[in-house]
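Trainee: just coords:
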């Protein structure tokens with residue numbers, strides 16, 4: 001069920017502490033941790049603690065938590081000191097867009113030039 005922890009979800013297991021991660025921020029509704037396969041010097045994932053398949057599902061069901069996710073992504077960028085040089089928040093939705101873990105999450109990328117369109 002949406003919003004409930006899923007026993008086979010990698011990110012749900014990070015939320016519960018069953019799988020370790022390098023946590024950089026945590027709020028009542030979100031957790032932010034370093035990506036294990038970084039694509040930039042700063043690459044942090046921000047996830048809701050509640051399980052939603054993707055960002056669109058999260059936004060439709062829990063707009064307040066979706067806003068928390070984006071606010072925390074901005075705070076991660078500030079903590080990582082990439083706000084002056086620029087950063088990107090990426091929300092992949094669906095496997096065709098590169099989503100590999102089906103738990104809503106935002107990638108915060110910075111610390112290098114980020115071309116458009118992405119490669």
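Mentor: Arrived safely, thanks for sending. Only a predicted model underlies this, so the values are computations on that prediction, with no experimental measurement involved.

Trainee: how much space between residue 83 and residue 11?
Mentor: Residue 83 is 25 Å from residue 11, where distance means CB to CB, to the nearest Å. Bear in mind the C-beta positions are built from the backbone N, C-alpha and C, glycine included.

Trainee: list the contacts for residue 69?
Mentor: Contact analysis of residue 69 by CB atoms under 8 Å, 6 or more residues apart in numbering lists 29, 30, 46, 47, 48, 55, 58, 104, 106.

Trainee: how about a cut-off of 7 Å?
Mentor: 30, 46, 48, 106 (CB atoms under 7 Å, 6 or more residues apart in numbering).

Trainee: next: residue 53.
Mentor: Taking CB under 7 Å, 6+ apart, we find residue 53 in contact with 102, 104.

Trainee: which helix or strand contains it?
Mentor: Per DSSP states H and E, residue 53 falls between elements, in no helix or strand.

Trainee: which one's the longest strand in the protein?
Mentor: In the chain, assigned by DSSP state E, the strand with the most residues is strand 42-48.

Trainee: packing partners for it?
Mentor: strand 30-34, helix 63-79, strand 106-110 (3 or more CB pairs under 7 Å, 6 or more residues apart in numbering; DSSP states H and E).

Trainee: export the ones you listed as JSON lines, with columns for mean pLDDT and distance to residue 117.
Mentor: Shown next, in JSON lines, are the helices and strands packed on strand 42-48 (pLDDT from 0 to 100; distance: least, CB to CB, whole Å):
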{"stretch": "strand 30-34", "mean pLDDT": "98", "distance to residue 117": "25"}
{"stretch": "helix 63-79", "mean pLDDT": "98", "distance to residue 117": "21"}
{"stretch": "strand 106-110", "mean pLDDT": "98", "distance to residue 117": "14"}
